[in-house]
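**Student:** Sequence plus the predicted model coming up.
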Amino acid sequence: MIRKAVIPVAGLGTRMLPVTKVVPKELLNIVDRPTIEYVVDEIIASGITTLIFIISQGKGGIIDYFDTNLNLRSFLKERGKFDLLKKVEEVEDKIEHLIEVRQKVPEGLGHAVLMAERAVENEPFAVVLGDDLVDGDSPCLKQMIDIYNHLSTKNHSIIAVEEVSREDISRYGIVEGEKIENNLIKIKRVVEKPSPEEAPSNLAIIGRYIFDPVIFKFLKKIPKVHGEYQLTDAIQLMIENGYEVYAYLFKGIRFDTGNKEGFFKTFLHYATKNPKLKEILIRFVKENKIC
(Lines give C-alpha, C1' and ligand atoms only; values in the text may rest on other atoms or scores of the structure.)
Protein backbone atom coordinates (compact mmCIF):
# COMPACT_ATOMS: atom_id res chain seq x y z
CA MET A 1 0.00 0.00 0.00
CA ILE A 2 2.91 2.36 0.64
CA ARG A 3 4.59 2.95 -2.72
CA LYS A 4 6.26 6.34 -2.22
CA ALA A 5 8.73 7.84 0.25
CA VAL A 6 9.55 11.52 0.69
CA ILE A 7 13.14 12.26 1.71
CA PRO A 8 13.67 15.87 2.87
CA VAL A 9 17.35 16.71 2.30
CA ALA A 10 17.14 20.46 1.71
CA GLY A 11 18.62 21.51 5.07
CA LEU A 12 21.84 23.51 5.24
CA GLY A 13 23.58 21.11 7.63
CA THR A 14 24.85 23.92 9.85
CA ARG A 15 25.73 21.53 12.70
CA MET A 16 28.35 19.94 10.46
CA LEU A 17 30.00 23.11 9.17
CA PRO A 18 32.44 23.93 7.64
CA VAL A 19 32.48 20.81 5.42
CA THR A 20 28.76 21.12 4.67
CA LYS A 21 29.44 24.49 3.07
CA VAL A 22 30.33 22.54 -0.08
CA VAL A 23 29.38 18.90 0.64
CA PRO A 24 25.80 17.93 1.60
CA LYS A 25 25.82 16.24 5.02
CA GLU A 26 23.90 13.35 3.48
CA LEU A 27 26.90 12.59 1.25
CA LEU A 28 29.40 12.34 4.10
CA ASN A 29 30.74 8.80 4.22
CA ILE A 30 29.87 6.30 6.93
CA VAL A 31 32.69 3.75 6.47
CA ASP A 32 32.36 2.95 2.76
CA ARG A 33 29.29 4.76 1.47
CA PRO A 34 27.43 8.03 2.04
CA THR A 35 24.85 8.42 4.79
CA ILE A 36 21.98 8.83 2.35
CA GLU A 37 22.64 5.42 0.80
CA TYR A 38 21.92 3.70 4.12
CA VAL A 39 18.59 5.55 4.21
CA VAL A 40 17.77 4.66 0.60
CA ASP A 41 18.63 1.00 1.23
CA GLU A 42 16.19 0.92 4.16
CA ILE A 43 13.42 2.40 2.02
CA ILE A 44 13.99 -0.03 -0.84
CA ALA A 45 14.22 -3.00 1.55
CA SER A 46 10.80 -1.92 2.85
CA GLY A 47 9.25 -2.43 -0.58
CA ILE A 48 9.01 1.20 -1.71
CA THR A 49 9.91 1.91 -5.34
CA THR A 50 9.32 5.68 -5.77
CA LEU A 51 11.64 8.04 -3.88
CA ILE A 52 10.90 11.77 -3.79
CA PHE A 53 13.89 13.89 -2.78
CA ILE A 54 13.20 17.41 -1.48
CA ILE A 55 16.39 19.29 -2.25
CA SER A 56 17.66 22.87 -2.28
CA GLN A 57 20.47 24.80 -3.96
CA GLY A 58 23.77 22.99 -3.50
CA LYS A 59 22.14 19.60 -2.84
CA GLY A 60 22.10 18.40 -6.45
CA GLY A 61 25.01 16.06 -5.71
CA ILE A 62 22.59 13.77 -3.85
CA ILE A 63 20.58 13.26 -7.05
CA ASP A 64 23.76 12.91 -9.11
CA TYR A 65 24.99 10.16 -6.81
CA PHE A 66 22.02 7.92 -7.69
CA ASP A 67 21.60 9.11 -11.28
CA THR A 68 23.14 7.29 -14.24
CA ASN A 69 26.53 8.59 -15.38
CA LEU A 70 27.03 7.11 -18.85
CA ASN A 71 30.43 8.78 -19.31
CA LEU A 72 31.77 7.20 -16.13
CA ARG A 73 30.38 3.80 -17.06
CA SER A 74 31.98 4.01 -20.51
CA PHE A 75 35.32 5.14 -19.06
CA LEU A 76 35.47 2.28 -16.54
CA LYS A 77 34.46 -0.24 -19.19
CA GLU A 78 37.10 0.97 -21.64
CA ARG A 79 39.80 0.76 -18.96
CA GLY A 80 38.74 -2.72 -17.91
CA LYS A 81 37.84 -1.60 -14.38
CA PHE A 82 34.89 -3.97 -14.14
CA ASP A 83 34.88 -4.25 -10.33
CA LEU A 84 34.47 -0.48 -10.05
CA LEU A 85 31.92 -0.48 -12.86
CA LYS A 86 29.85 -3.03 -10.94
CA LYS A 87 29.89 -0.82 -7.81
CA VAL A 88 28.78 2.22 -9.81
CA GLU A 89 25.99 0.29 -11.52
CA GLU A 90 24.73 -1.08 -8.19
CA VAL A 91 24.31 2.47 -6.85
CA GLU A 92 22.80 3.90 -10.02
CA ASP A 93 20.31 1.04 -10.41
CA LYS A 94 19.04 1.13 -6.80
CA ILE A 95 16.11 3.50 -7.26
CA GLU A 96 13.38 2.43 -9.67
CA HIS A 97 11.61 5.82 -9.76
CA LEU A 98 13.46 8.96 -8.60
CA ILE A 99 11.67 12.31 -8.34
CA GLU A 100 13.42 15.59 -7.51
CA VAL A 101 11.50 18.50 -5.95
CA ARG A 102 13.23 21.83 -5.30
CA GLN A 103 12.53 23.71 -2.05
CA LYS A 104 13.63 27.25 -2.90
CA VAL A 105 13.37 28.65 0.62
CA PRO A 106 14.07 26.60 3.79
CA GLU A 107 10.91 26.99 5.87
CA GLY A 108 10.95 23.92 8.08
CA LEU A 109 10.16 20.23 7.84
CA GLY A 110 6.44 20.86 7.49
CA HIS A 111 7.03 23.00 4.42
CA ALA A 112 9.43 20.42 2.95
CA VAL A 113 6.81 17.66 3.23
CA LEU A 114 4.14 19.92 1.71
CA MET A 115 6.41 20.44 -1.31
CA ALA A 116 5.89 16.74 -2.16
CA GLU A 117 2.09 16.96 -2.44
CA ARG A 118 1.90 16.87 -6.23
CA ALA A 119 4.37 13.97 -6.51
CA VAL A 120 2.69 11.96 -3.75
CA GLU A 121 -0.84 12.49 -5.11
CA ASN A 122 -3.75 11.12 -3.08
CA GLU A 123 -2.20 8.06 -1.44
CA PRO A 124 -0.52 7.20 1.88
CA PHE A 125 3.22 7.75 1.87
CA ALA A 126 6.35 7.57 4.02
CA VAL A 127 8.62 10.39 5.15
CA VAL A 128 12.21 9.42 5.95
CA LEU A 129 14.77 11.96 7.15
CA GLY A 130 18.12 11.76 5.39
CA ASP A 131 20.30 12.10 8.49
CA ASP A 132 18.57 9.52 10.70
CA LEU A 133 19.91 5.96 10.43
CA VAL A 134 18.28 2.96 12.10
CA ASP A 135 20.10 -0.35 12.35
CA GLY A 136 17.83 -3.28 13.12
CA ASP A 137 17.19 -6.90 12.20
CA SER A 138 14.25 -5.66 10.17
CA PRO A 139 14.22 -2.24 8.46
CA CYS A 140 12.51 0.33 10.67
CA LEU A 141 10.25 1.52 7.85
CA LYS A 142 9.27 -2.08 7.03
CA GLN A 143 8.24 -2.57 10.68
CA MET A 144 6.07 0.53 10.43
CA ILE A 145 4.47 -0.55 7.15
CA ASP A 146 3.58 -3.91 8.68
CA ILE A 147 1.92 -2.14 11.63
CA TYR A 148 0.16 0.29 9.27
CA ASN A 149 -1.30 -2.59 7.25
CA HIS A 150 -2.26 -4.46 10.43
CA LEU A 151 -4.43 -1.63 11.79
CA SER A 152 -8.11 -1.84 10.90
CA THR A 153 -8.79 1.91 11.03
CA LYS A 154 -8.87 4.14 7.95
CA ASN A 155 -6.96 7.34 7.19
CA HIS A 156 -4.52 6.68 10.02
CA SER A 157 -0.86 7.67 10.29
CA ILE A 158 2.13 6.24 12.18
CA ILE A 159 5.19 7.94 13.67
CA ALA A 160 8.32 6.19 14.90
CA VAL A 161 9.36 7.10 18.45
CA GLU A 162 12.07 6.14 20.93
CA GLU A 163 12.62 6.75 24.62
CA VAL A 164 15.15 9.51 25.31
CA SER A 165 16.88 10.77 28.43
CA ARG A 166 15.49 13.71 30.37
CA GLU A 167 18.29 16.02 29.24
CA ASP A 168 17.56 15.26 25.56
CA ILE A 169 13.80 15.84 25.67
CA SER A 170 14.00 19.49 24.57
CA ARG A 171 15.64 18.44 21.26
CA TYR A 172 12.62 16.52 19.98
CA GLY A 173 8.93 16.47 19.32
CA ILE A 174 7.40 14.53 22.23
CA VAL A 175 4.20 12.47 22.17
CA GLU A 176 1.55 11.73 24.78
CA GLY A 177 -0.89 8.89 24.34
CA GLU A 178 -2.56 5.65 25.33
CA LYS A 179 -0.85 2.29 24.91
CA ILE A 180 -2.87 0.11 22.51
CA GLU A 181 -0.61 -2.93 22.31
CA ASN A 182 3.05 -3.77 22.68
CA ASN A 183 5.15 -0.94 21.20
CA LEU A 184 2.09 0.89 19.83
CA ILE A 185 0.53 4.04 21.31
CA LYS A 186 -2.48 6.02 20.12
CA ILE A 187 -1.35 9.64 20.26
CA LYS A 188 -3.43 12.24 22.07
CA ARG A 189 -0.98 15.12 21.85
CA VAL A 190 2.37 16.10 20.33
CA VAL A 191 4.58 18.87 21.70
CA GLU A 192 7.50 20.37 19.79
CA LYS A 193 10.72 20.56 21.85
CA PRO A 194 9.23 21.01 25.34
CA SER A 195 11.30 21.52 28.46
CA PRO A 196 11.73 18.37 30.59
CA GLU A 197 9.29 19.87 33.12
CA GLU A 198 6.58 20.46 30.50
CA ALA A 199 7.06 17.25 28.50
CA PRO A 200 4.13 14.79 28.67
CA SER A 201 6.51 11.80 28.28
CA ASN A 202 10.00 10.87 27.14
CA LEU A 203 8.82 9.37 23.84
CA ALA A 204 10.61 11.32 21.11
CA ILE A 205 9.67 11.46 17.44
CA ILE A 206 12.45 10.33 15.10
CA GLY A 207 12.79 10.65 11.34
CA ARG A 208 10.35 7.96 10.20
CA TYR A 209 6.67 8.63 9.40
CA ILE A 210 3.79 7.11 7.44
CA PHE A 211 1.09 9.65 6.62
CA ASP A 212 -2.37 9.60 5.20
CA PRO A 213 -2.46 12.24 2.43
CA VAL A 214 -4.85 14.33 4.55
CA ILE A 215 -1.67 15.66 6.22
CA PHE A 216 -1.30 18.06 3.28
CA LYS A 217 -4.62 19.69 4.14
CA PHE A 218 -3.38 20.49 7.64
CA LEU A 219 0.10 21.53 6.54
CA LYS A 220 -1.63 24.33 4.64
CA LYS A 221 -3.43 25.51 7.78
CA ILE A 222 -0.63 25.71 10.35
CA PRO A 223 1.05 29.05 11.16
CA LYS A 224 4.73 29.73 10.70
CA VAL A 225 6.65 29.61 14.02
CA HIS A 226 10.07 31.28 14.21
CA GLY A 227 10.28 31.28 10.43
CA GLU A 228 9.35 27.61 10.00
CA TYR A 229 6.29 25.42 9.49
CA GLN A 230 6.46 22.64 12.08
CA LEU A 231 5.37 19.17 11.00
CA THR A 232 4.32 18.44 14.59
CA ASP A 233 1.78 21.29 14.44
CA ALA A 234 0.08 19.66 11.45
CA ILE A 235 0.09 16.28 13.21
CA GLN A 236 -1.58 17.82 16.26
CA LEU A 237 -4.19 19.45 14.03
CA MET A 238 -4.91 16.09 12.41
CA ILE A 239 -5.52 14.54 15.85
CA GLU A 240 -7.79 17.40 16.92
CA ASN A 241 -9.86 16.85 13.77
CA GLY A 242 -10.45 13.18 14.50
CA TYR A 243 -7.72 11.50 12.48
CA GLU A 244 -5.94 8.67 14.29
CA VAL A 245 -2.16 8.94 14.64
CA TYR A 246 -0.12 6.22 16.29
CA ALA A 247 3.38 6.16 17.76
CA TYR A 248 5.45 3.04 17.20
CA LEU A 249 8.41 2.08 19.40
CA PHE A 250 10.57 0.54 16.70
CA LYS A 251 13.08 -2.27 17.19
CA GLY A 252 16.64 -1.22 16.43
CA ILE A 253 19.32 1.35 17.18
CA ARG A 254 18.87 4.87 15.87
CA PHE A 255 21.72 7.26 15.03
CA ASP A 256 21.59 11.00 14.36
CA THR A 257 24.30 11.78 11.80
CA GLY A 258 23.37 15.47 11.63
CA ASN A 259 25.83 16.50 14.34
CA LYS A 260 29.51 15.69 14.85
CA GLU A 261 29.11 13.56 17.96
CA GLY A 262 26.29 11.54 16.44
CA PHE A 263 28.17 11.14 13.17
CA PHE A 264 31.23 9.80 15.04
CA LYS A 265 29.11 7.28 16.99
CA THR A 266 27.44 6.17 13.77
CA PHE A 267 30.77 5.69 12.03
CA LEU A 268 32.11 3.60 14.92
CA HIS A 269 28.95 1.47 15.04
CA TYR A 270 29.02 0.55 11.36
CA ALA A 271 32.80 0.15 11.33
CA THR A 272 32.62 -2.44 14.12
CA LYS A 273 30.09 -4.44 12.10
CA ASN A 274 32.98 -5.17 9.72
CA PRO A 275 35.27 -7.76 11.43
CA LYS A 276 38.43 -6.41 9.78
CA LEU A 277 37.72 -2.80 10.72
CA LYS A 278 36.69 -3.85 14.23
CA GLU A 279 40.05 -5.58 14.67
CA ILE A 280 41.88 -2.45 13.47
CA LEU A 281 39.93 -0.28 15.91
CA ILE A 282 40.59 -2.58 18.89
CA ARG A 283 44.28 -2.74 18.07
CA PHE A 284 44.49 1.03 17.70
CA VAL A 285 42.80 1.58 21.08
CA LYS A 286 45.15 -0.85 22.79
CA GLU A 287 48.33 0.44 21.16
CA ASN A 288 47.50 4.04 21.99
CA LYS A 289 46.21 3.20 25.48
CA ILE A 290 43.03 5.18 24.85
CA CYS A 291 41.11 3.31 27.52
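**Tutor:** Received, thanks. Since the model is a prediction, treat every value here as computed from it, not as a measurement.
**Student:** mind checking the end-to-end distance for stretch 145-157?
**Tutor:** By C-alpha to C-alpha, to the nearest Å, the extent of stretch 145-157 from end to end equals 10 Å.
**Student:** Can you pull out the residues in contact with it?
**Tutor:** Stretch 145-157 is contacted by residues 1-2, 46-47, 124, 126, 158, 184, 209-212, 214-215, 235, 238, 243-246, 248 when judged by C-beta atoms under 8 Å, 6 or more residues apart in numbering. To be clear about C-beta, it is placed using only N, CA and C from the backbone, and glycine gets the same treatment.
**Student:** Keep only those of these that are in helices.
**Tutor:** Ile215, Ile235, Met238 (DSSP state H).
**Student:** Please enumerate the strands of the stretch 101-250 of the chain.
**Tutor:** Assignment of strands within the stretch 101-250 of the chain using DSSP state E, counting those that start in this stretch yields the ranges 125-128, 132-135, 157-163, 173-181, 184-192, 203-211, 245-249.
**Student:** which secondary structure elements does the last one contact?
**Tutor:** It stands for strand 245-249. Here strand 245-249 is seen to pack against helix 140-150, strand 157-163, strand 173-181, strand 184-192, strand 203-211, helix 231-240 when contacts are counted using 3 or more C-beta pairs under 8 Å, 6 or more residues apart in numbering; DSSP states H and E.
**Student:** Spatially nearest residue to the residue most central in space within the chain, not counting backbone neighbours?
**Tutor:** In the chain, the residue lying closest to the centroid (C-alpha atoms, centre = their mean) is Leu129, at 2.2 Å. Nearest non-adjacent residue to Leu129, counting by C-beta to C-beta, 6 or more residues apart in numbering: Gly207, 2.8 Å away.
**Student:** Make sure that neighbour is actually in contact with Asp131.
**Tutor:** Yes: contact between Gly207 and Asp131 holds when scored by C-beta atoms under 8 Å: they sit 7.3 Å apart.
**Student:** So if I had to pick from the two, which one is more boxed in?
**Tutor:** Legend: neighbour count by other C-beta atoms under 10 Å for Gly207 and Asp131, higher for Asp131 (25 against 22).
**Student:** any idea how far the nearest residue to the more buried one once chain neighbours are set aside lies from Thr266?
**Tutor:** Among residues not flanking Asp131 along the chain, Gly258 sits closest, at 3.9 Å (C-beta to C-beta, 6+ apart). Separation of Gly258 from Thr266 (C-beta to C-beta, to the nearest Å): 10 Å.
**Student:** just Val22 next, same as before
**Tutor:** 21 Å.
**Student:** picking that back up, phi, psi for the residue nearest to Asp131 please.
**Tutor:** With angles defined as degrees, to the nearest 10, Gly258 sits at phi -80, psi 0.
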